[in-house]
Structures are given as structure tokens and as C-alpha cells.
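Student: dropping a prediction and its sequence here:
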Amino acid sequence: MTAAAWALQQAVFAALIADHTLATLCNGRIFDAVPRGAAFPYVVIGEAKEQDAGSPASEHTLSLHLWSRGNGTREIKQLASAVRGCLDGAPLGLDGHVLVDLAFLAADYARQSDGETYRGSLRFRALTEPQ
């Protein structure tokens, strides 16, 4: 059986890649590891945490990082809205597991020290159970 955290990441990636709005905004640039010289904007699957939620369930916290060099915060916030719309409450299919719930928790936005790059971070909570 696939580990719940990996099954969740695969399902999140597949949902993001398939989303029409995100395809328009970031041209399908959704990464687990960002290739050298990647064009902006893009989405990166970031940190994750998995913990026991009472046997046999697992609770996951997943971070997604958005990167933009758009003029101001408009582009990064449009990306964040699209990611949230794609994932919040989504009924994703997981290999070997059941996704009980996927919910948006929080978002943070920051201009980076170079003065032209913006980062957005979105956090989601998921609850999974073995199939």
C-alpha cells in the first residue's frame, strides 16, 4: 500500500496540474522540486506533516508555495485563489487511502528581499484513512 502522505501528494499534484485556471495562470508550472531557471510564476509542493488522528486515521498539514515576479501582489493572490479553489474541499482520489476531508487553513504573502519576487504560502489540512 502507498503511504498516505505520498498518496495525498500525488493526488494534490494531479488536481493542480489538471486545473484549467492554474494552467492559465502558471502555464502548468507545478513542481515538487523547482528546475533550475524555471520561469515565473509557479507553484511548489512544500512541507508536509503527518500525525496520528486516532487509529486508523492520519491528519496531514500540507504547504504549497507560490512564486511570482508579477508587478505587485495581484498575480500571487490570483494564484493563491486558484489553488484554494482547486483544493479546498476537493474530493480527491488517493491510492490505497480515502480522503475524508481537505480544508484550507491559512495563507501568507511576502515580498522577497530582491524587491521583485513575491512568495505566497498556503496551508491545508487533510484527514485520510486506509482503504
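Tutor: Yes, it's here.
Student: mind listing what the closest residue to F31 other than its chain neighbours touches?
Tutor: Using C-beta to C-beta, 6 or more residues apart in numbering and skipping residues adjacent in sequence, the residue nearest F31 is V44, 5.2 Å away. Bear in mind the C-beta positions are built from the backbone N, C-alpha and C, glycine included. When contacts are counted by C-beta atoms under 8 Å, 6 or more residues apart in numbering, V44 touches 30-32, 34, 64-67.
Student: check H65 too.
Tutor: 43-44, 46, 119-121.
Student: and the helices in this structure?
Tutor: Assigned by DSSP state H, the helices in the chain fall at 4-18, 20-26, 74-87.
Student: pretty sure E50 contacts H60?
Tutor: Yes: shown here, E50 and H60 form a contact pair, counting by C-beta atoms under 8 Å, at 5.1 Å.
Student: got any residues that touch both of the two?
Tutor: Counting by C-beta under 8 Å, 6+ apart, the residues touching both E50 and H60 are 4-5.
Student: give me the more crowded residue out of those two.
Tutor: Of the pair E50 and H60, H60 is the one with more neighbours under other C-beta atoms under 10 Å, namely 21 against 17.
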